[in-house]
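Student: Take a look and give me a structure for this.
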Amino acid sequence: MRALISVYDKTGLPKLADFFKEEGIEMISTGGTYTYLTQLGYAVTKVEEVTGAKELLKGRVKTLHPRIHGGLLYRRGVQEDEAEMLLEGIEAIDFLCVNLYPFTEELKKNHSLEEQVEFIDIGGPTMLRAAAKNFAHVYTLCHQRDYEPFMTLYRTGSEEAKLAFRKTLAGHVFNLMGAYDSTIASYLLPEEDHRYLSSPYEKVTTLRYGENPHQKASLYRALDGQGALTSLEILGGKELSYNNYKDLDIAWKVVQEFDEPCCCALKHNTPCGVALGKDDLEAYGKAYEADPISIFGGVVALNCEVTLPTAEAMAKIFLEVVMAPSFTTEALALLQEKKNLRILQCTRPPERANSMVSLDGLLLLQEEDRDLLSTRQVVTKIAPSEEDLEELLFAWKVVKYVKSNAIVVTNNKQTLGIGGGQVNRIDAATYALEKAQGRALYLASDAFFPFQDVVEAAAKGGIHAIIQPGGSLRDQASIDACDEQGLAMMFTSMRHFKH
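Tutor: I've put the predicted structure just below:
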């Protein structure tokens, strides 16, 4: 029996080579793998000795040969195949161990196009596909994690179990190749030229459960290394849940909208308190005061370092997650005393160009909502002051992350009421204004006002400036209502629906 070994990553290879040696299996190898194994003292046959052809084009062509692929693909026991193999003098290859050029890892090094293309593996994928297709007879190892199960099962498993395992190994191959090819396609093609979706992700872990305990869930990471959450580092606490991941994604995006110290408290995928401050302590304190009830058991994200005074304030209540780009040594030590508190460090801003939503049999893909506004059109007799504009833009950045219908009311760079997820805008406005209890002066809406009812409610609630997209056929009604009530209003000509 023969095994062909050609690996870029040689982790675990000596133990596998020991196994083949002990089982009396001849090892065939190529290039660097051949050199590596022979230097360790293993008896290895060069591929050139099998094919009778030397490597060509600086190693680009070495295994693309009938004596290799015939050995991998021939069907044992099929009379025609047996006769042809005998006639051509081709011997079977029963084991294939191959891993690929690290195209994905090399992407992170910003190579030139010419340099990056050299990391597109050709021989490896071709052999893997051939062996995997013939899994009825060939073991195909494309992951180091399969080495140990393979060695155990080969020695102790039944023939039925071995066949099932070879089928699983073949599945691993085609799963890998789908991701590998997708990564290359994404590198070579602009998004608009993709006929098939190319979004390679690698499984990180199986989560305890999904949105509910009876639902299974897994976590995958983008192979291209892009995205803020690929930099996520867990510094303390329990493992993250499915819902934690969804929540921290939104909380991080909110705080990254701002250059000033910002804190976002979030619950059930919706901001409940967002605030700016002169430092992390003031930002957290204002976010807490915005809704001290809803923050309990929630996610808190900051866009600046967490210091000890802020950690002391956080430690006074129950939080699920605290997330920031860094923590002082004292702050981290204090937070780590709370054994169940998940402490996360994230160092990158949002980067992904597109977002995806999975439906039953369909997948929706769209550009991320990165833009803020198209215009700053004042449409009322009263114009907002510069201070008003700053406050309105603060509210406008927050409203992007609240589910439609979304209303955010603020003052002093602090949310005081957030209404979202309602089926009509007036209910969302009523809820947000009631939460504010007359303290809010500014109102942002993710969509236009087809009626003047929101303006009238805002005026009664103490609001004196509004920001909204505009664009309704009945815009003039809300403009007139603002003029009658003495409110300023600005149109942005850009909506921020979040469904």
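
Student: can you give me the strands for the stretch 351-499 of the chain?
Tutor: For the stretch 351-499 of the chain, the strands defined by DSSP state E, counting those that start in this stretch occupy 354-358, 363-367, 377-378, 407-410, 415-419, 442-445, 465-468, 488-491.

Student: again with the stretch 151-300 of the chain
Tutor: Using DSSP E, counting those that start in this stretch, strands in the stretch 151-300 of the chain cover 201-206, 218-222, 233-236, 262-267, 270-276, 299-302.

Student: Give the buried residues for the biggest helix by length in the chain.
Tutor: Identified as the longest helix of the chain according to DSSP state H is helix 159-188. Within helix 159-188, the residues scored as buried using 16 or more other Cβ atoms under 10 Å are 165-166, 169-170, 172-173, 176-177, 179-187. Placement of C-beta: from N, CA and C, glycine included.

Student: try stretch 486-499
Tutor: By 16+ other Cβ under 10 Å, the buried positions in stretch 486-499 come out as 487-492, 494-496, 498.

Student: Equivalent analysis for stretch 416-428, please.
Tutor: 416-422, 425-426, 428.

Student: Closest one of those residues to residue 257?
Tutor: Nearest to residue 257, judged by Cβ to Cβ, of the buried residues of stretch 416-428 is residue 418 at 15.0 Å.

Student: OK, contacts around residue 185?
Tutor: Counting by Cβ atoms under 8 Å, 6 or more residues apart in numbering, residue 185 touches 194, 196, 198.

Student: Which pLDDT value belongs to the last one?
Tutor: According to the per-residue confidence, residue 198 scores 76 in pLDDT.

Student: My understanding was that it contacts residue 188; is that so?
Tutor: No - Residue 198 lies out of contact with residue 188 (Cβ atoms under 8 Å); the separation is 9.5 Å.

Student: Just the element for the residue of the chain most remote from its centre, please.
Tutor: Going by Cα atoms, centre = their mean, the residue of the chain most distant from its centre is residue 87, 52.7 Å out. Using DSSP states H and E, residue 87 sits within helix 79-88.

Student: helices or strands next to that helix in the packing?
Tutor: In terms of contacts (3 or more Cβ pairs under 8 Å, 6 or more residues apart in numbering; DSSP states H and E), helix 79-88 is packed against helix 66-73.

Student: Do I have it right that residue 477 meets residue 452?
Tutor: Yes - Residue 477 is within contact range of residue 452, at 4.8 Å (criterion: Cβ under 8 Å).

Student: per-residue pLDDT, the residue farthest from the centre of the chain?
Tutor: 91.

Student: Next, work out how far apart residue 240 and residue 205 are.
Tutor: 9 Å (Cβ to Cβ, to the nearest Å).

Student: Domains in this protein, by residue range?
Tutor: For the chain, automatic domain parsing gives the domain ranges 2-193, 228-345, 377-491.

Student: Pull out the buried positions in the lowest-mean-pLDDT helix or strand in the chain.
Tutor: Sorted by mean pLDDT, DSSP states H and E, the helices and strands of the chain end with helix 103-107, the least confident at a mean of 86. For helix 103-107, burial by neighbour count (16+ other Cβ under 10 Å) applies to 103-104, 107.

Student: Give me the helices and strands touching it, please.
Tutor: Against helix 103-107 (3+ Cβ pairs under 8 Å, 6+ apart) you get helix 113-117, helix 159-188.

Student: Can you give the distance from the last one to the centre of its chain?
Tutor: So the one you mean is helix 159-188. 21 Å (Cα atoms, centre = their mean, to the nearest Å).
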